[in-house]
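A.B. asks: Curious how this folds, go ahead:
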Amino acid sequence: MEKRTEAPRPILNVAKYLRSSSSGLNNRQGVLNGKRVDYFKGKSAVKALLKESYGKLKEVPKVTSESEACEVLQEVLRYAFFLRVERSGGESGSRYKSLNIPSSQNWEKDQYYVWFYEGSQLMTILGGIGLILIVFSAVLFPLWPPILRDIVWYLSVAILSLFGVFMALAVVRLILFIITMIIIPPGIWLFPNLFEDVGFVDSFIPFWAWEISKKKDEVREEEDDEAGGSQNINRDLRTTVEDGDEEEVYEDEKDEGNKKED
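C.D. replies: As a prediction, the model looks like this:
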């Protein structure tokens, strides 16, 4: 804590940026000394300092390359905003990795680092105050003016009615689908996008649609892949597998060269 208070303003601003959502830093959760904490991989922080959003900040060290980013992060580490940790398997039944702090503290982009800096607590404080005010207002509900109590009552009834309409619509569309699936397969869905991840208006467009089987979807995807494959045959195929941030890159040109040699 004492080291963090001694940190220069630019280094503190870097730590604040990394803790903000604009950095896009991929924070994970682990367990350190029985307490759940946030930690990240070094190369994720390097990528964050190379983003355009960092370049727009004022009073921060200039970063134009990975080596400069590593130097800045080494300075942040020196003031103990975060420390290097080693991971081990979590306890049985837990999906969080166990973390421990080694004696050697240095910056390497392939290592993991645990946060000891929480960032700005302004929003947390404001959220706590807001929650207390809401609870206090609810407790004093009998003392509210009659007109405010009537407004709250009408709003609650409207929300419950809207929820009831959605539930009734879900039951009706399911019954309709079962009937049409038996009479005129593959069946008809009323408002097929009702529970899809779309906007409110798009949830009710189209009014109805036929059920599309998974097999048809797979055939369409295969046809699209075949059509696009002829145009991209010489393009590198890069497959990224993220499990502990490991990346594997495969290239079609190498495979084609091996085939020719065979």
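A.B. asks: Flag every buried residue along stretch 110-120.
C.D. replies: Using 16 or more other CB atoms under 10 Å as the test for burial, stretch 110-120 gives 111-117. No exception for glycine: its C-beta is placed from N, CA and C like everyone else's.
A.B. asks: what comes into contact with it?
C.D. replies: Here stretch 110-120 makes contact (CB atoms under 8 Å, 6 or more residues apart in numbering) with 4, 15-16, 19-20, 27, 30, 32, 37-43, 45, 77, 80-87, 99, 101.
A.B. asks: 7 Å instead?
C.D. replies: The contact list for stretch 110-120, computed with CB atoms under 7 Å, 6 or more residues apart in numbering, reads 4, 15-16, 19-20, 32, 37-43, 80-85, 87, 99.
A.B. asks: Compute the first-to-last residue distance for that stretch.
C.D. replies: 27 Å (CA to CA, to the nearest Å).
A.B. asks: Which strand or helix spans residue 137?
C.D. replies: When elements are assigned from DSSP states H and E, residue 137 belongs to helix 122-139.
A.B. asks: relative to helix 122-139, how tilted is the very next helix or strand once past that helix?
C.D. replies: Remark: after helix 122-139, the chain's next helix or strand is helix 146-183, criterion DSSP H and E. Helix 146-183 and helix 122-139 meet at an angle of 100 degrees, taking axes from the mean of the first three to the mean of the last three CA atoms, to 10 degrees as the criterion.
A.B. asks: Quick check: buried residues in helix 146-183?
C.D. replies: Those would be 173, 177, 180, for helix 146-183 by 16+ other CB under 10 Å.
A.B. asks: can you check stretch 121-132 too?
C.D. replies: Under 16+ other CB under 10 Å, stretch 121-132 has no buried positions.
A.B. asks: try stretch 47-55
C.D. replies: Result for stretch 47-55 [16+ other CB under 10 Å]: buried residues 47-49, 54.
A.B. asks: swap in stretch 71-84?
C.D. replies: Within stretch 71-84, the residues that count as buried by 16+ other CB under 10 Å are 72-73, 75-77, 79-84.
A.B. asks: Go ahead and name everything in contact with it.
C.D. replies: With CB under 7 Å, 6+ apart as the test, stretch 71-84 has contacts from 3-4, 6-7, 11, 14-15, 45, 49, 61, 63, 101-102, 105-107, 111, 113-117.
A.B. asks: hmm, 8 Å instead?
C.D. replies: By CB under 8 Å, 6+ apart, the list of residues contacting stretch 71-84 from outside reads 3-4, 6-7, 11, 14-15, 18, 39-40, 42, 45-46, 49, 61, 63, 101-102, 104-108, 111-117.
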